[in-house]
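Asker: sequence and predicted structure, then a few things I'm wondering about:
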Amino acid sequence: MKKINGIFLLVQIVAVFLVSWLFAIGLALLAYNDNAVITGLMIWLWLTMPLVAFFYVAGANGITGLIARRTMKKNAEAQQFGKCSTFINNDPFTLGSMITIGEYTGRVAYVSYQNPFMFQVAQAREITDITSGYMPGSFNTTRYVYFQFYYKNKKIRIPTYTARRMHHISCLKEEISQADAFRDILINAQKESIKNLPFE
């Protein structure tokens, strides 16, 4: 399953460059500087570029997530997924993603926020090594809780919790339970997918 579309990523990078450059030139002109281009370049390098890039990265999931959710909803309905369980990861500073699991059809749909126009589907019987867990830190702490699986030897990991600071796992019971729940839903979907295999 493809997480990143190179062209889509390039468009975002170019947009950040252009917006930050326009802001820099605008600020230079407002300062009534005779050499607006050189002043704008300095403002761009030291102020607007870092600021625009930071705020875009922080808010990118909110922007690309709108496209991803529309892609998921439209295609899941068109392909008649039926009763589904859906998890959305849109935490800031993470690669946002959505996963929808057809509980009776045994199908798994995945849409990455950096590949938001692509609706990717697999039969649950085609995925392997379904697990959940957290990245352990000192004194029984963590800042990352997840469930994951492998599809065609490629790891797909979806976090249920991310943070920049460590937290004791006793404070993250809900997030750990959620990761375990989606692990179990995937395992059950895998069983349904195997049951739905056509007889030869």
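Answerer: Yep, that arrived.

Asker: what mean pLDDT does the helix or strand harbouring residue 188 get?
Answerer: Taking DSSP states H and E as the definition, residue 188 sits inside helix 173-195. Helix 173-195 shows a mean pLDDT of 91.

Asker: what helices or strands is that helix leaning on?
Answerer: Contacts defined by 3 or more C-beta pairs under 8 Å, 6 or more residues apart in numbering; DSSP states H and E place helix 173-195 against strand 84-89, strand 97-102, strand 107-112, strand 127-136, strand 141-151, strand 154-168. For every residue, glycine as well, the C-beta is placed using N, CA and C.

Asker: same list, these, but as TSV with distance to residue 119 please.
Answerer: Output for those, formatted as TSV (distance: least, C-beta to C-beta, whole Å):
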stretch	distance to residue 119
strand 84-89	13
strand 97-102	10
strand 107-112	6
strand 127-136	17
strand 141-151	15
strand 154-168	15
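
Asker: any idea how far the residue nearest to the spatial centre of the chain lies from residue 50?
Answerer: Note on the chain: the residue nearest the mean C-alpha position is residue 96, at 1.4 Å, using C-alpha atoms, centre = their mean. Separation of residue 96 from residue 50 (C-beta to C-beta, to the nearest Å): 22 Å.

Asker: can you check residue 24 too?
Answerer: If you go by C-beta to C-beta, the gap between residue 24 and residue 50 works out to 11 Å.

Asker: who has more neighbours out of the two?
Answerer: Per other C-beta atoms under 10 Å, whichever of residue 24 and residue 50 has more neighbours is residue 24, with 24 against 12.

Asker: so residue 175 sits right up against residue 145, yeah?
Answerer: Yes - here residue 175 reaches residue 145: they are 4.6 Å apart, a contact under C-beta atoms under 8 Å.

Asker: which residues do those two both contact?
Answerer: Shared contacts of residue 175 and residue 145, defined by C-beta atoms under 8 Å, 6 or more residues apart in numbering, are found at 160, 161.

Asker: the two: which is more packed in?
Answerer: Neighbours were counted for residue 175 and for residue 145 using other C-beta under 10 Å; residue 145 has more, 24 against 21.

Asker: enumerate every residue touching that one.
Answerer: Counting by C-beta under 8 Å, 6+ apart, residue 145 touches 133, 134, 159, 160, 161, 162, 172, 175, 176, 178, 179.

Asker: same thing with residue 156?
Answerer: By C-beta under 8 Å, 6+ apart, the residues touching residue 156 are 1, 3, 110, 148, 149, 150.

Asker: how does it look with 10 Å?
Answerer: By C-beta atoms under 10 Å, 6 or more residues apart in numbering, the contact list for residue 156 reads 1, 3, 97, 99, 108, 110, 112, 120, 122, 127, 147-150.

Asker: and it, how far from residue 166?
Answerer: According to C-beta to C-beta, residue 156 stands 25 Å off from residue 166.

Asker: for residue 189, which non-adjacent residue is closest in space?
Answerer: Leaving out its chain neighbours, the residue that sits closest to residue 189 by C-beta to C-beta, 6 or more residues apart in numbering is residue 124, at 4.0 Å.

Asker: buried residues in the helix ranked longest in the chain, which are they?
Answerer: The longest helix of the chain (DSSP state H) is helix 49-78. Under the neighbour-count criterion of 16 or more other C-beta atoms under 10 Å, helix 49-78 has 49, 52, 56, 60-61, 64-65, 68-69, 71-72, 75-76 buried.
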